[in-house]
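A.B. asks: predicted structure and sequence below. I'll ask about it afterward.
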There are 2 protein chains.
Amino acid sequence: MSFVSTRADFSAESPMFALILSNSLVSTIEGVSGAGESPAKSLMVPPLDAELIINGEITSVDMTPNTPTGCPTPAVLTLAMMDLIGMKPLMIAAGLDHEVTVPHIQFGEKAGGDPREGRAVPNAKELFEKGRWLGEYLSQTHDLLVLGECLPGGTTTALCVLRALGYQAKVSSCLVDNPVCIKEKIAAEAVKKVQKAGVTDPLEIVSMVGDPMIPVAAGIAEGYRGKLFLAGGTQMLAAAAVIRALGNTVPDIVTTVYVYDDKTASFKETAAAVGADAYYVDPEFGSIGHDGLARYAEGEIKEGSGAGGAMFLASILGFPPEVIRNTIREQVIRYA
Amino acid sequence: MSFVSTRADFSAESPMFALILSNSLVSTIEGVSGAGESPAKSLMVPPLDAELIINGEITSVDMTPNTPTGCPTPAVLTLAMMDLIGMKPLMIAAGLDHEVTVPHIQFGEKAGGDPREGRAVPNAKELFEKGRWLGEYLSQTHDLLVLGECLPGGTTTALCVLRALGYQAKVSSCLVDNPVCIKEKIAAEAVKKVQKAGVTDPLEIVSMVGDPMIPVAAGIAEGYRGKLFLAGGTQMLAAAAVIRALGNTVPDIVTTVYVYDDKTASFKETAAAVGADAYYVDPEFGSIGHDGLARYAEGEIKEGSGAGGAMFLASILGFPPEVIRNTIREQVIRYA
C-alpha cells in the first residue's frame, strides 16, 4: 500500500495544524475508552497531549497520556510531524475538565456529560459560534487547515450523534477489542432520548447526546474558507455528519490506515454516506522497529490527536515516507 | 498636526492586531485607576473590552467598561478599526480575575498582586515563555503585529518597573487629574522592595513589582520576527524597557497624541531613553462631534486597548483620516 491512499494533489502556501481538546464524561465509564492510564485519568489526556505537542515533554505532572499497556500516545506522532515541518500548531480547548498548561485558544465550557442523561453539551450552540469565529480568524492567513481532535471516549459520543442523525455507522476504537456492546447500549439509550424529545436540529442533537468537540469542529468548518481536512477517525465522521446536516460543505477527512481498514468500524462506508472524501496514511508501523508503535498496526490506539492528519500534512508538504517514519521512530524513542 | 506623527512608510501583507488582557490588583486601590465603573469593577474591564471588540457588543453582564463619567472605553475605537479593516484580532488572556467569554489565547496565571507586597507576578518567567511561543507562532504568517494591552491600573505598575530599572520616567493616566502622588508613593515602596532584595534581573523585577501584561509583551517581542509595534501609552514603555534590559530589539511604540503630549507624563523622553521609536495618532476628537470622545482631547482616558495602534494600523493600510474618524463616530454612537 502506498503511504498516502490516493494521489493527493494538495498544495499549501500557509498551512496550519490545529487540535481541538475536549472531554466527555463518557470516557470515565469503565470499558469505554483505552486512552490514558485509567478511566478516571482519561480526562487528563487532552491537556497532557497538548503539553507534549507544544513543549515536547510533559513536566506539569508525573503522568503520561499513554495507554495502560504503555502504548505511546498518538500525540507523540503529531509532535514528531510538527518538529519535522517546523510548525507551531494551534491548540483549541473547549469543554475540558483540567487546565491546559501551554498557550491555547480557550473556548471555555464544561466537559461533556454522559450522553444517556440530561443535556450532554448544554452550550453546543455557543461552542459552534466560537468555532465559526475561529474558522474566520484562521481564514485570514491560512489556505489549508488540518483540524484534529483529542477527546477520549469520543467514538461513543460520535456513535450516538451518527445514529441520532440516521446513519447506520459503526465506529472504531483505540482498543484492540472494540467494546462494541457497551457503545451500542449507550447509543441506543441516547437515540431513544433524542427520539422521545422529537429533536431533529443537528446542533440540538449534539447538545443532547454529543460532545464539545463536535460543535467546535462544525463551527470552524462553517467559518473557514480555505481547504479543510478533518483529521481523525470515526469521531470526525460525526462532525462531518453534523456539518452536512447544517447545510455546509463537507470537509475531506484524513486518518490512519488502521482506522480506515478497521473491520469493527465502517469508516469508508460512513464517510461515503456523509459525503466526505476520505484519505488515509499508512506509516507501516508494523515494520518501524518499535514495539509500542507496532501495536498500532495490531489495532491498538490506531489514531488520535490528529496524528494521521499530521503525517498527511508532512507528506503533502513534500517530506518522503522514510523521513516521516524515521522522525517518528526517533521521537518515540526519545520520548520513551 | 497631521493624523500620524511622522511619515510612516510601513507596509504589511499580512498584519495582525493582538491585545493582551491582564489584571493587577493595583487597579482596585481607590484613586489609582479611572477604568471601569468603579475600582472593584475595573477588574472586569479587560474581559468586557474583549467581548466588545470580538462580538461588537456586551451581552454577558449588565455592565460597561466605560468610566464612571460615561466616557466610552477605548475598546470601542479598536472595534471600529477592526470593522473598518475587516480584521478578526487576537485576544490574549494572562492573569485575569474573570473569565473571557469570547475566543482568546489563554496563558493562565492569576491577576497581578499589589506591587508593594510580596511577589506581584510569581510566574512572570512562565508568562514570558508563553509569550515567546506566541511570538514565534504569529511569525509563521504575520509580517506586522500591532500589540496592545488592556490592564487597568497599569501605569502604576509600569512606573514601578521603570523606576526599578533606573528610569526617571513619569507615567500617564486615564484620569484628567493624574493621581501622581498615589502612584509615586506606590512606586517608591516598590523600588525600595526591589533594592532591598538586591534584584537586578529584569524578569525578576517584573515578578516583584510589575504586572502580568509586561512579561507577555516582552516574550512576544523575543519570539516575533516581523515588524512589531507596541500599542499603548506609558504602560508599553515599561514593556519596552524590559525588552531592552533582556537584550532584545526594542519595538516601536505607537500611541495617541493625548498620551504623547501628556504634560504630566514623559512619554517622548522615556521612549527615547529606552530606545523606542515612538509614533502617535491624532484623531482630533475635540472636533469629532461626540461629547464622550471630546473628553479624550481634554485628557480623559486618552488611550487603551490598543486604540492608538488600531487607528495607526488602519492608517498604514491606506484608510484616510476622515474615514477613520467617521467610522469611530458612528461606532461610538451605535454603541452608546
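C.D. replies: Nice, I can see it.
A.B. asks: who does the strand or helix carrying A:Lys130 touch, helix- and strand-wise?
C.D. replies: Here A:Lys130 sits within helix A:124-139, counting by DSSP states H and E. The helices and strands touching helix A:124-139, judged by 3 or more CB pairs under 8 Å, 6 or more residues apart in numbering or on different chains; DSSP states H and E, are strand A:90-94, strand A:104-108, helix A:202-209, helix A:213-223. C-betas here are computed from N, CA, C, even on glycine.
A.B. asks: could you redo the last one with a cut-off of 6 Å?
C.D. replies: Judged by 3 or more CB pairs under 6 Å, 6 or more residues apart in numbering or on different chains; DSSP states H and E, helix A:124-139 is in contact with helix A:202-209, helix A:213-223.
A.B. asks: for chain B, find the nearest of these.
C.D. replies: Chain B lies closest, by CB to the nearest CB, to one member of these: helix A:213-223, at 9.4 Å.
A.B. asks: relative to helix A:202-209, how tilted is that closest one?
C.D. replies: 160 degrees (axes from the mean of the first three to the mean of the last three CA atoms, to 10 degrees).
A.B. asks: run through the residues that contact A:Thr255.
C.D. replies: Contact analysis of A:Thr255 by CB atoms under 6 Å, 6 or more residues apart in numbering or on different chains lists A:Gly233, A:Tyr280, A:Glu303, A:Gly308.
A.B. asks: what do you get if the cut-off is 8 Å, keeping everything else the same?
C.D. replies: A:Ala231, A:Gly232, A:Gly233, A:Met236, A:Phe267, A:Ala278, A:Tyr279, A:Tyr280, A:Val281, A:Glu303, A:Gly308, A:Gly309 (CB atoms under 8 Å, 6 or more residues apart in numbering or on different chains).
A.B. asks: tell me which of these fall in strands.
C.D. replies: Residues of those located in strands (DSSP state E): A:Ala231, A:Ala278, A:Tyr279, A:Tyr280, A:Val281.
A.B. asks: out of those residues, who has the most neighbours?
C.D. replies: A:Ala231 (34 neighbours; other CB atoms under 10 Å in any protein chain shown).
A.B. asks: not counting sequence-adjacent ones, nearest residue to that one?
C.D. replies: In space, A:Ala231 comes closest to A:Gly309 once its chain neighbours are excluded; the distance is 2.3 Å by CB to CB, 6 or more residues apart in numbering or on different chains.
A.B. asks: tell me, how many neighbours does the one you found end up with?
C.D. replies: 32.
A.B. asks: my guess is it contacts A:Met236, does it?
C.D. replies: No. With contacts counted by CB atoms under 8 Å, A:Gly309 stays clear of A:Met236, the gap being 9.1 Å.
A.B. asks: can you list residues touching both of the two?
C.D. replies: Listed as contacting both A:Gly309 and A:Met236 by CB under 8 Å, 6+ apart are A:Leu230, A:Thr255.
A.B. asks: now do the same for the nearest residue to A:Ala310 once chain neighbours are set aside: its pLDDT.
C.D. replies: Leaving aside its sequence neighbours, A:Ala310 sits nearest to A:Met81 (CB to CB, 6+ apart; 3.7 Å). A:Met81 carries a pLDDT value of 98.
A.B. asks: the residue located most distally from the centre of chain A: what secondary structure?
C.D. replies: Farthest-out residue of chain A from its mean C-alpha position, per CA atoms, centre = their mean: A:Lys196, at 29.4 Å. On the three-state scheme (DSSP: H, G, I helix; E, B strand; the rest coil), A:Lys196 is labelled helix.
A.B. asks: quick one on the thing from earlier: which elements pack onto the helix or strand encompassing the residue nearest to A:Ala310?
C.D. replies: Using DSSP H and E, A:Met81 falls within helix A:75-85. On a contact count with 3+ CB pairs under 8 Å, 6+ apart, helix A:75-85 meets strand A:15-21, helix A:45-55, helix A:307-316, helix A:321-335.
A.B. asks: same list (those) but as a markdown table, adding distance to B:Asp201 and mean pLDDT.
C.D. replies: Shown next, in a markdown table, are those (distance: least, CB to CB, whole Å; pLDDT from 0 to 100):
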| stretch | distance to B:Asp201 | mean pLDDT |
| --- | --- | --- |
| strand A:15-21 | 34 | 98 |
| helix A:45-55 | 23 | 97 |
| helix A:307-316 | 38 | 97 |
| helix A:321-335 | 32 | 93 |
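A.B. asks: relative to A:Asp261, which of these is closest?
C.D. replies: Of all those, it is helix A:307-316 that lies closest to A:Asp261, at 12.3 Å by CB to CB.
A.B. asks: who touches the closest one?
C.D. replies: With CB under 8 Å, 6+ apart, helix A:307-316 has contacts from A:3-4, A:8, A:10-12, A:15, A:17, A:74-75, A:77-78, A:81-82, A:84-85, A:146-148, A:229-233, A:254-256, A:259, A:279-281, A:283, A:321, A:324, A:328.
A.B. asks: and the angle from the helix holding A:Met81 to helix A:45-55?
C.D. replies: Going by the same axes, to 10 degrees, helix A:75-85 makes 20 degrees with helix A:45-55.
A.B. asks: and helix A:75-85 with strand A:15-21, angle?
C.D. replies: Using the same axes, to 10 degrees, the direction of helix A:75-85 lies 160 degrees away from that of strand A:15-21.
A.B. asks: send the alpha carbons of helix A:75-85 over as CSV?
C.D. replies: Provided in CSV are the C-alpha atoms of helix A:75-85 (Å, rounded to 0.1, in the frame of the first residue of the first chain):
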residue,chain,number,x,y,z
ALA,A,75,0.3,13.0,20.3
VAL,A,76,4.0,11.9,20.0
LEU,A,77,3.4,11.3,16.3
THR,A,78,1.9,14.7,15.9
LEU,A,79,4.8,16.3,17.9
ALA,A,80,7.2,14.5,15.6
MET,A,81,5.5,15.9,12.5
MET,A,82,5.3,19.4,13.8
ASP,A,83,9.0,19.3,14.6
LEU,A,84,9.7,17.9,11.1
ILE,A,85,7.6,20.6,9.3
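A.B. asks: buried set for it?
C.D. replies: Neighbour-count burial for helix A:75-85 flags A:Ala75, A:Val76, A:Leu77, A:Thr78, A:Leu79, A:Ala80, A:Met81, A:Met82, A:Leu84, A:Ile85 (criterion: 16 or more other CB atoms under 10 Å in any protein chain shown).
A.B. asks: then stretch A:91-109?
C.D. replies: Buried, per 16+ other CB under 10 Å, within stretch A:91-109: A:91-98, A:100-109.
A.B. asks: the stretch 1-150 of chain A against chain B: which residues are in contact?
C.D. replies: Neighbours of chain B within the stretch 1-150 of chain A, by CB under 8 Å from any CB of the partner chain: A:14, A:16, A:54, A:87-88, A:90, A:93, A:99-108, A:130, A:133-134, A:136-137, A:140-142.
A.B. asks: follow-up on the earlier one: let me know which of the helices and strands packed on helix A:124-139 is tucked in deepest.
C.D. replies: Neighbour counts averaged per stretch over the helices and strands packed on helix A:124-139 are highest for helix A:213-223, at a mean of 29; criterion: mean count of other CB atoms under 10 Å in any protein chain shown.
A.B. asks: I'd say A:Asp83 and A:Glu330 touch.
C.D. replies: No. Counting by CB under 8 Å, A:Asp83 does not reach A:Glu330; the two are 9.5 Å apart.
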